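**Student:** structural data only, the sequence is not supplied:
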């Protein structure tokens, strides 16, 4: 496949699945989509290879799958802070947000700064992006120190009152992933969850109880002991 935007858009159209589009709509995915699966998008991304200019063109198309593909083919070293701010304001669904944060944004030099900055923002998907970045960094950045993640815990506690579904689930996700990184962070995350549990907020209580349910399980504890 020739790695140009027009050819890729035509391929996405060819792979379109109207039934999948209907299903995606029920999960809050907007109608600018073809219904192409993530494995298929990853296959196209692998064929295309890393290409910063192609990523910009795919993003500008505005199509759902093209934007997910853009974050897979972009070169993290070529991404500017301005691009991150522009793309995050274009987020219109949780999956584009999550794919961008875990495939591209977390690999840039701006990831930690943006995680903190975006956690304070009012826009639902921008704020979600801040906490998805925390989760993605906890999983992908193997060299990061515990202190870098300990700094995120007070932010998670601060924002646990946000009742919006896409925000509270991301706050919970960040807390759980930090708590599964190692024994030290597991203990710190459990303590934070217990503090969050005392907040007079339905969202906070859900975030805390769900995190505690996973982080205290024997399966998680055993895995951490083996690390």
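**Tutor:** That came through fine. Since the structure is predicted, the reported quantities are computational estimates derived from the model, not experimental observations.
**Student:** isn't residue 127 right up against residue 165?
**Tutor:** No. If you go by CB atoms under 8 Å, residue 127 and residue 165 don't touch, sitting 12.0 Å apart. Where C-beta positions appear, they are placed from N, C-alpha and C, glycine not excepted.
**Student:** centroid residue for this protein?
**Tutor:** Residue closest to the average C-alpha location in the chain (CA atoms, centre = their mean): residue 98, at 2.9 Å.
**Student:** any idea which element that one lies in?
**Tutor:** If you go by DSSP states H and E, residue 98 is part of helix 94-103.
**Student:** and for residue 225?
**Tutor:** Taking DSSP H and E as the criterion, residue 225 maps to helix 218-226.
**Student:** now for the closest residue to residue 138 other than its chain neighbours, how many residues are close by?
**Tutor:** Spatial nearest neighbour of residue 138, chain neighbours left out: residue 177 (4.0 Å); criterion: CB to CB, 6 or more residues apart in numbering. Residue 177 has 23 neighbours, counted by other CB atoms under 10 Å.
**Student:** got the contact list for residue 177?
**Tutor:** Going by CB atoms under 8 Å, 6 or more residues apart in numbering, residue 177 touches 134-136, 138-139.
**Student:** which of these ranks first by neighbour count?
**Tutor:** That'd be residue 134 among those, by other CB under 10 Å, with 31 neighbours.
**Student:** please name the nearest non-neighbouring residue to it.
**Tutor:** residue 174 (3.8 Å).
**Student:** just to revisit the earlier point, looking at residue 127 and residue 165, which has the bigger crowd around it?
**Tutor:** Using other CB under 10 Å, the more surrounded residue of residue 127 and residue 165 is residue 127, with 23 against 13.
**Student:** just to revisit the earlier point, in terms of contact, does the residue nearest to the centre of the chain touch residue 132 like I think?
**Tutor:** Yes. The pair residue 98 / residue 132 is scored as a contact, 5.4 Å apart, by CB under 8 Å.
**Student:** about what we covered before: the helix holding residue 98: what's the following helix or strand?
**Tutor:** Counting by DSSP H and E, the next helix or strand C-terminal to helix 94-103 is helix 111-119.
**Student:** just the residues contacting that next one, thanks.
**Tutor:** Under CB under 8 Å, 6+ apart, the answer for helix 111-119 is 84, 88, 105, 126-127, 129-131, 133-134, 136-137, 148, 151-152, 155, 158-159.
**Student:** mind giving me the domain split of the chain?
**Tutor:** 1-74, 94-227 (automatic domain parsing).
**Student:** how about the strands in this protein?
**Tutor:** With DSSP state E as the criterion, the chain has no strands.
**Student:** give me the buried positions along stretch 58-75.
**Tutor:** Buried residues in stretch 58-75, counting neighbours by 16 or more other CB atoms under 10 Å, are found at 58-59, 61, 63-74.
**Student:** alright, I will stop here.
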